[in-house]
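**Student:** Following is a predicted model, sequence given first.
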Amino acid sequence: MTWHRSLYWRIAIGVVGFLAAMLIVQAMLFVWVVSQSGRSLPGQSPGRLGLTVAQDLAAVLEREPQTDLTHYIQEQYAQYTHPFFVMMADGRLITSGSRSFPEPFLRMARVQLSAAQRRLDRPEGRRPDFPERGDRPEPFGRGGDRFERDPNGFRFIRPSPIIAHGRVAGVVVVPPQAPFGFLLGRFAPMLALVAGGVLVLGTVLTSLMIFGPARRRLRELETAAHRLGAGDLTARAPDRGGDEIAAVASAFNAMAGDLAARADALAASDRVRRQLLADVSHELTTPVTAMRGYLETLTMPELALDEATRGRYLTIISDETNRLERLIGDLLELARLEGGGGSLQISELTVAQLFDRVVARHEHACQAAGVTMQTSIGRGADTVQGDRDRLEQALQNLAANAIRYAPPGSTVRLASRVADSPIAGIALSVEDEGPSGIAPEHLPHIFDRFYKADASRPFDRAQNGPDEVDGGKASVSGGSGLGLSIVKAIVERHGGRIAVESRPGRTVFEMVLPARPAA
C-alpha cells in the first residue's frame, strides 16, 4: 500500500492541515484585534510615543544638526510595533516602518507643521505644543491622548513638534491605530515561530496519543484477520476500550466465534454422518450377509438338505428380507420427518381414543409378557392437537419398548397431563417398571440413530419390531434400531419436545405437545 492511500496518513494530513489553518486564523485574528484596539504599544499610548520620539529627535539635532534622521529612525525604532512618520520642515517624509500613510495624515501633518512654526515665531513665546485657545479643536478619547478631528471628520492624535535651535524642524505623527499590514509584518516572525512550534508539538502529541495506539490496535486486528483467514479459528482481536476500533474488534471476535462454532458443528455433523454411514452399512450388511449365506447353502448341488431344514433356511431368508425392508423404510421415513417432507394432518384428537388403540394393538403382547397396561387422563388433558397417525405411531413404538422390558406382573402406564414447562401444552407419557432402568451414561444419546452401548452391536431403539432397549440391554432380533429416533422426529415436527427419565424400577418417556402444533 502506497503512503497516500493509507488511512493513517490521510487522517494525519487532515489533522495537521486543520491545526495549521486554525493557527493561521488565530494569528490573523490576533493581529486584527491588536490593530483595532490600539494596544500595539504596551506601557505607553500613541500620543506618548509621539512626544518621546519628538524629544529624542530634537536632542539629536541639537547635538548633531547633520545627523541622518532616516538612518537614525530606522535603526532606533525599527522594532516598534506601532508605526509613525516624521514630516520635516523641508518637506521630507521619514517613516519608521510602514511605507505609506493615508493622505489625511499627511495633510494634517503639513497644517500642524505650519501652525507650530507660526506659534513659535510669536513674540510672547507661547508653548509650541498647544494651539491658540480659539484654534484648539475639541479633544476626546481616553488614556491621556488628545484625539482630534479635522473638518472632514478624520480622527487623529495631535502631532508632536520637533524643536531644535529655536526652530520647528518637523512634526512626529503617530496614527491612533496601527495598520493591519504593518502589524502583520511586525508579528509575522514571532507568530510563525510560535505556530511552527505548536504545529510540531501538536503533530507529535497527536501521533503519540491518537494515531499510535489506533495504528497498533488496527494492526493487531489485521493480524487476527490474517490468522483467521489462514484457518486459525482461535484468532481473536483485542477489544479493549469502548471506541469504534473496539466495536470493530468485538464484531470481528463475534464473527470468529460464529465461524468457530459453525466449524465445530460441521465437524460434529461430519462425524455423525460418517458414523451414520458406518451404522447403516453395518445394519444393511447383517441381513444381506445372512441371506447370501443361506442362499449359497441352498444352491449347493452336492449338499442334500431335508425339507425341514430347507424350509427353516427359507424362513430365515424371509425374516432377514423383512428386516432389511423395515430398515430401509424406517430410514426413508426418518429422512422425510427430519427434512420436513410431507405435511401433518393437524386436528383435535381425543386422548382416550389414542390410548385405546395402543392398548388394543398390544393386548396379545401384554398377555404373553404377563404385563398389565393402564391409562389415566388428567384434568384438562383429554384432547390434543396433532396428526392422528403420527402420534399413534409414536405411542405404539414407546408402548412396544415398555412391554418388552417390563417384568412379568408389572404395569405399563399411559398417562396425559397439562404441562406448562418447558412449553405449554399436553404431555403424553409411557411408563414401565423395568428393573434395571437405562444406564445414566446412555440417556443423553438414547434418541440418536444407531447409538451403540457396545461397538460390536447396536444399542437398539423402540420400533414396531423386537429390536429394543431398556436398562442398557439390547436384543438383536431383527429391528431397524431407529424407533426412538422416529418418535423424536414426530414430536419435533409437531413443535414439541420428548424427554426420558430412568432409574431402577421406573422409566418414563414423555412427549410434550404444544397447544397449537406446527403444520
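**Tutor:** Thanks, I have it.
**Student:** just the strands in the stretch 351-500 of the chain please.
**Tutor:** In the stretch 351-500 of the chain, the strands defined using DSSP state E, counting those that start in this stretch lie at 372-377, 383-387, 411-419, 425-432, 469-470, 473-474, 497-503.
**Student:** What's the mean pLDDT across the last one?
**Tutor:** Okay, so that is strand 497-503. What strand 497-503 shows for mean pLDDT is 92.
**Student:** again, but for the fourth one
**Tutor:** Averaged across strand 425-432, the pLDDT comes to 93.
**Student:** got the CA coordinates for it in CSV?
**Tutor:** Extracted C-alpha coordinates of strand 425-432, given in CSV (Å, rounded to 0.1, in the frame of the first residue of the first chain):
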residue,chain,number,x,y,z
GLY,A,425,-49.4,-28.0,26.1
ILE,A,426,-50.4,-31.6,26.8
ALA,A,427,-47.9,-34.2,28.0
LEU,A,428,-48.3,-37.8,26.9
SER,A,429,-46.2,-40.3,28.8
VAL,A,430,-45.4,-44.1,28.7
GLU,A,431,-44.0,-45.6,31.9
ASP,A,432,-42.7,-49.1,32.7
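**Student:** That strand: partners in the sheet, and parallel or antiparallel?
**Tutor:** strand 411-419 (antiparallel), strand 506-514 (antiparallel) (DSSP bridges).
**Student:** which one of those lies closest to residue 327?
**Tutor:** With respect to residue 327, and counting by CB to CB, the nearest of the strands paired with strand 425-432 is strand 506-514 at 22.3 Å. Heads up, the C-betas are built off the backbone N, CA and C, glycines and all.
**Student:** can you pull the buried residues of that closest one?
**Tutor:** For strand 506-514, burial by neighbour count (16 or more other CB atoms under 10 Å) applies to 507, 508, 509, 510, 511, 512, 513, 514.
**Student:** And stretch 391-407, by the same measure?
**Tutor:** 391-406.
**Student:** Closest one of these to residue 199?
**Tutor:** For those, the nearest to residue 199 is residue 394 (80.1 Å; CB to CB).
**Student:** Quick check: next helix or strand after the strand or helix carrying residue 268?
**Tutor:** Under the criterion of DSSP states H and E, residue 268 resides in helix 244-298. On the C-terminal side of helix 244-298, the closest following helix or strand by DSSP H and E is helix 307-338.
**Student:** Mean confidence (pLDDT) on the helix or strand just after that next one, please.
**Tutor:** Downstream of helix 307-338, the first helix or strand assigned by DSSP H and E is strand 346-350. For strand 346-350, the mean pLDDT works out to 91.
**Student:** who touches the nearest residue to residue 516 once chain neighbours are set aside in this structure?
**Tutor:** Once flanking residues are discounted, residue 516 sits nearest to residue 385: 6.4 Å by CB to CB, 6 or more residues apart in numbering. Applying CB atoms under 8 Å, 6 or more residues apart in numbering to residue 385 gives the contacts 346, 347, 348, 349, 513, 514, 515, 516, 517.
**Student:** switch the cut-off to 7 Å
**Tutor:** 346, 348, 515, 516, 517 (CB atoms under 7 Å, 6 or more residues apart in numbering).
**Student:** May I see those arranged in a markdown table, with distance to residue 303 and neighbour count as well?
**Tutor:** Converted to a markdown table, these look like this (distance: CB to CB, whole Å; neighbours: other CB atoms under 10 Å):
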| residue | distance to residue 303 | neighbour count |
| --- | --- | --- |
| 346 | 58 | 15 |
| 348 | 62 | 8 |
| 515 | 65 | 13 |
| 516 | 64 | 12 |
| 517 | 58 | 19 |
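**Student:** Give the single residue among the residues you listed positioned nearest to residue 233.
**Tutor:** Nearest member of those to residue 233, counting by CB to CB, is residue 517, at 38.3 Å.
**Student:** Quickly note the distance from residue 354 to residue 484.
**Tutor:** 19 Å (CB to CB, to the nearest Å).
**Student:** Break this structure into its domains for me.
**Tutor:** 3-37+183-224, 46-176, 244-325+327-333, 344-514 (automatic domain parsing).
**Student:** re earlier: export the strands paired with strand 425-432 to a markdown table and tack on distance to residue 322 and mean pLDDT?
**Tutor:** Putting these into a markdown table (distance: least, CB to CB, whole Å; pLDDT from 0 to 100) gives the following:
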| stretch | distance to residue 322 | mean pLDDT |
| --- | --- | --- |
| strand 411-419 | 26 | 93 |
| strand 506-514 | 26 | 92 |
